[in-house]
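Asker: Generate a structure from the sequence data that follows.
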Amino acid sequence: MKKKFDMKSFLTINFGVIIIAMGIYYFLIPSDLAVGGVTGLAMVINSLFPRLPIGIIMVIFNIVLFVLAFIVIGPEFGGYTIYTSFLLSGIIYVLEIITPMNGPIIDDLLINLIYGILIQGVGMAIIFNKNTSTGGTDIIAKIINKFFHLDIGKSLFLADSIIVISATLVFGIELGLYALLGILINSAIIDKVIAGFNTRIKVAIISDMEPEISKFITRELERGVTLLYGVGGFSNSEKRIINTVVSRKEYLIIKNKVKEIDPRAFIWVSFVNEVLGEGFSE
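Answerer: Here you go, the predicted model:
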């Protein structure tokens, strides 16, 4: 069955790639911060062979890695990964032409590292959360993630470590240590942001108006509920506890509706990092 094109996901992916390109081009590249990835590898090669543009080097290495991806992971890896990788290379190449950088925006290596990694990390998390990648060492990270079941951020850290070692040899120990700090921060940001995207809220409600509240959740929000039976410790009366898992937006709707139906209702919530099953992730 042919999958329907999702314009919202497509636009989100494009937005994520633009964010990554901005972080890399305006903060990391001018400071020679080769913080992993094909970008970092391209920076190392560009330093040795200045006539080779960084954007073109990235395209060449991405082609090689895509061949590896299709052999090891298979064609189901997704056409979006090809699209995003070449889009990222293209955006950086265009930025090199229209806004050439003669040096870093700010003469502070640590500030450039922090802002570059923060911006890039958020963009990469957006991309990974849409079940694709920007190519490059992301592909190697996906392979590690597939066979060793590590979080994608940690897998990317392992893949980028080799490039950081190369950057240390070319740019010196100081820049190498900064790059190592960069990939550590990047790994943590990606895993944290992805976890934030996938966080859901488990809601439990005790109310005498349980049938009306359950009806609202199942029919209006189209979310399932599970009813648990309990006995009040103080009143010794039987209670039916409504349990459901929803998004943050849906939780706010439920909270306001419950307050409207039964102001005396008892509600407690907890955050869930991953939900599998109908209506959520497969």
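Asker: Can you tell me the SS state at residue 228?
Answerer: strand (DSSP: H, G, I helix; E, B strand; the rest coil).
Asker: who's it bridged to?
Answerer: residue 241 (DSSP bridges).
Asker: thought it was touching residue 244?
Answerer: No: taking contacts as CB atoms under 8 Å, residue 228 lies outside contact range of residue 244: 11.4 Å. C-beta here means a position set from N, CA and C on the backbone, and glycine is covered the same way.
Asker: So for these two, which residue has more residues nearby?
Answerer: residue 244 (21 against 11; other CB atoms under 10 Å).
Asker: looking at it, that one is touching residue 227, isn't it?
Answerer: No: look at residue 244 against residue 227 with CB under 8 Å: they stay out of range, at 10.1 Å.
Asker: List the residues that contact the residue most central in space within the chain.
Answerer: Geometric centre of the chain, nearest residue: residue 125, 1.7 Å, by CA atoms, centre = their mean. The neighbours of residue 125, taking CB atoms under 8 Å, 6 or more residues apart in numbering as the test, are 16, 189, 190, 192, 193, 194, 197.
Asker: Rebuild the residues you listed as CSV, extending it with neighbour count.
Answerer: Formatted as CSV, these follow (neighbours: other CB atoms under 10 Å):
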residue, neighbour count
16, 23
189, 19
190, 28
192, 13
193, 19
194, 19
197, 12
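Asker: from the residues you listed, which is closest to residue 213?
Answerer: Nearest to residue 213 among the contacts of residue 125 is residue 197, at 28.0 Å by CB to CB.
Asker: host element of that closest one?
Answerer: Counting by DSSP states H and E, the element that carries residue 197 is helix 173-198.
Asker: which parts of that helix are buried?
Answerer: Under the neighbour-count criterion of 16 or more other CB atoms under 10 Å, helix 173-198 has 175-176, 178-187, 189-191, 193-195 buried.
Asker: can you give me the helices for this structure?
Answerer: Remark: helices assigned in the chain by DSSP state H are 7-23, 37-48, 54-72, 79-98, 109-129, 137-148, 152-171, 173-198, 210-215, 248-261.
Asker: Please identify which of those helices is closest to residue 277.
Answerer: helix 173-198 (13.3 Å).
Asker: Measure how the closest one sits relative to helix 37-48, angle-wise.
Answerer: Angle of helix 173-198 versus helix 37-48, following axes from the mean of the first three to the mean of the last three CA atoms, to 10 degrees, is 160 degrees.
Asker: low-confidence ranges in the stretch 51-200 of the chain?
Answerer: 74-78 (pLDDT under 70).
Asker: picking up where we left off before, winner for burial among the helices of the chain?
Answerer: Most buried of the helices of the chain, by mean neighbour count (mean count of other CB atoms under 10 Å): helix 37-48, with a mean of 23.
Asker: pLDDT of that one, averaged?
Answerer: On average, the pLDDT along helix 37-48 is 81.
Asker: which residues sit against it?
Answerer: 24, 28-29, 32, 34, 52-55, 57-58, 61-62, 65, 92, 135-138, 160, 163-164, 166-167, 170-171, 179.
Asker: Could you rerun that using 6 Å?
Answerer: Here helix 37-48 makes contact (CB atoms under 6 Å, 6 or more residues apart in numbering) with 24, 34, 52, 54, 57-58, 61, 136-137, 163, 166-167, 170.
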